[in-house]
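Peer 1: Everything below, folded, please.
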Amino acid sequence: MIHWRDSGKGLRAENQEFSHLLDLLKDAPGVAIAFSGGADSAFLLAAARIAGVESVLPVTVVSDFFTAGEKERVIRLGQYLGIAPVFVPADILDDARVTRNTDKRCYFCKLFLFSKVMAVAKKYGVHTFLHGANLDDLKEVRPGMDAARELGFKAPLVAAGFSKEKIRASSKILGLETWDLPAQSCLATRIPQGDIITREKLIKIERAEICLHDLGFGRVRVRCHGDLARIEAEADDLHRFVAPDARREIIHAFRCAGFSSVCLDLCGYAPTSGMLP
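Peer 2: Next comes the predicted model:
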């Protein structure tokens, strides 16, 4: 089995963007990475390790928006890359600017979470902060990007010219499990703008989505409309929901999660679907 470091050497020789990325990172005395365990931050962490940065600090903020499955993936990635992430608990629901769920929710959320990353990094003597934004993120409305810039976070994947597609292709070469990970978004995006975000709603959503993932659905979202759960899935998967066994299991699991009604959105999966990005 080829070690990820050896794969990184080969990738550098063949990939101009990756070579540029390593050059951007290599002279930093230390970096703190906002590490969610998604495809982008995992690839950035691997690149920092390959670049030989003297001190790399992956910081994972654990809030009610962060699922148990995501935490498990962060641990696995840390083990694979030989570095232990620093977990920071944070009660995001204490911030009313976030829970009010306005059109600036993402901005205030990122401001809250990235401030936690900065505080921990400074305790370790690290003053360079990175996040995994890529070129595709610049094409979308992402208020959280403004918060990252205001706090002084750098986006080396953008500077090196990485799109999501290039990140996935490079991650596959490095053996990262996140190379084909479906697009991730925090649980708060499942709640319509203007509806107050509560812990109870987030728990319902997470339990319902776990059921769907266990049934083999990949790109899927459970939108919370009070006691009604609206399922968005890939168009090619919609027929699977009407199979008697799957339908019974989904209804049972969703009711156990706290929903009284379940519906399937015939328009299929949509990343935002009227919610916040």
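Peer 1: Every contact and neighbour count from this point should use C-alpha atoms.
Peer 2: Fine.
Peer 1: Low-confidence regions, this structure specifically.
Peer 2: For the chain, residues meeting the criterion pLDDT under 70 lie at 1-2, 271-277.
Peer 1: Could I get the full set of helices for the chain?
Peer 2: Here the chain has its helices, by DSSP state H, at 4-14, 16-26, 39-51, 68-81, 96-99, 105-123, 143-150, 156-159, 164-173, 199-214, 244-257.
Peer 1: Give me whichever of the ones you listed is most buried.
Peer 2: helix 39-51 (a mean of 24; mean count of other Cα atoms under 10 Å).
Peer 1: roughly how far is that helix from the heart of the chain?
Peer 2: 14 Å (Cα atoms, centre = their mean, to the nearest Å).
Peer 1: which residues are in contact with that helix?
Peer 2: Residues outside helix 39-51 that contact it (Cα atoms under 8 Å, 6 or more residues apart in numbering): 5, 8-9, 21-23, 25-26, 33-36, 56, 58, 77, 81, 131-134, 157, 164, 167-168, 171, 176, 178-181.
Peer 1: And stretch 227-238, by the same measure?
Peer 2: Contacts for stretch 227-238 (Cα under 8 Å, 6+ apart): 217, 219-224, 254, 258-270.
Peer 1: of the residues you listed, buried ones?
Peer 2: Buried residues within the contacts of stretch 227-238, counting neighbours by 16 or more other Cα atoms under 10 Å: 217, 219-224, 254, 258-259, 262, 265, 268-269.
Peer 1: Out of these, which is nearest to Ser185?
Peer 2: Arg221 (9.6 Å; Cα to Cα).
Peer 1: show me what contacts that closest one?
Peer 2: Contacts of Arg221 (Cα under 8 Å, 6+ apart): 190, 209, 231-233, 269.
Peer 1: how about 10 Å then?
Peer 2: 185, 187, 189-190, 205-206, 208-209, 212, 229-234, 268-272 (Cα atoms under 10 Å, 6 or more residues apart in numbering).
Peer 1: next one: Tyr80
Peer 2: 3-4, 46, 74, 175-177.
Peer 1: among those, which two are most distant?
Peer 2: His3 and Val74 (19.1 Å).
Peer 1: thinking again about what came up before, which one of the helices of the chain lies closest to Pro89?
Peer 2: Closest to Pro89 of the helices of the chain, according to Cα to Cα: helix 105-123, at 9.0 Å.
Peer 1: which helices and strands sit right next to that closest one?
Peer 2: Of the remaining helices and strands, those touching helix 105-123 by 3 or more Cα pairs under 10 Å, 6 or more residues apart in numbering; DSSP states H and E are strand 31-34, strand 56-62, strand 86-89, helix 96-99, strand 129-130, helix 143-150.
Peer 1: so which of these gets nearest Glu200?
Peer 2: Of the helices and strands packed on helix 105-123, nearest to Glu200 by Cα to Cα is helix 96-99, at 12.4 Å.
Peer 1: Can I get the closest one in CSV? Just the C-alpha atoms.
Peer 2: Taking Å, rounded to 0.1, in the frame of the first residue of the first chain, the C-alpha atoms of helix 96-99 are listed here in CSV:
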residue,chain,number,x,y,z
ALA,A,96,-29.2,34.5,19.4
ARG,A,97,-27.8,36.0,16.2
VAL,A,98,-27.5,32.5,14.9
THR,A,99,-30.6,30.9,16.3
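Peer 1: Contact partners for Lys110?
Peer 2: Contacts of Lys110 by Cα under 10 Å, 6+ apart are 98, 116, 143-148, 151.
Peer 1: right, and out of those, which lies closest to Lys104?
Peer 2: The closest of the contacts of Lys110, once distances to Lys104 are taken by Cα to Cα, is Pro143, at 6.7 Å.
Peer 1: pretty sure the closest one contacts Tyr107?
Peer 2: Yes: with contact defined as Cα atoms under 10 Å, Pro143 and Tyr107 form a contacting pair (4.7 Å).
Peer 1: that older thread, would you turn the contacts of Lys110 into a markdown table with distance to Phe87?
Peer 2: Shown next, in a markdown table, are the contacts of Lys110 (distance: Cα to Cα, whole Å):
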| residue | distance to Phe87 |
| --- | --- |
| Val98 | 21 |
| Lys116 | 10 |
| Pro143 | 24 |
| Gly144 | 21 |
| Met145 | 22 |
| Asp146 | 24 |
| Ala147 | 21 |
| Ala148 | 19 |
| Leu151 | 20 |
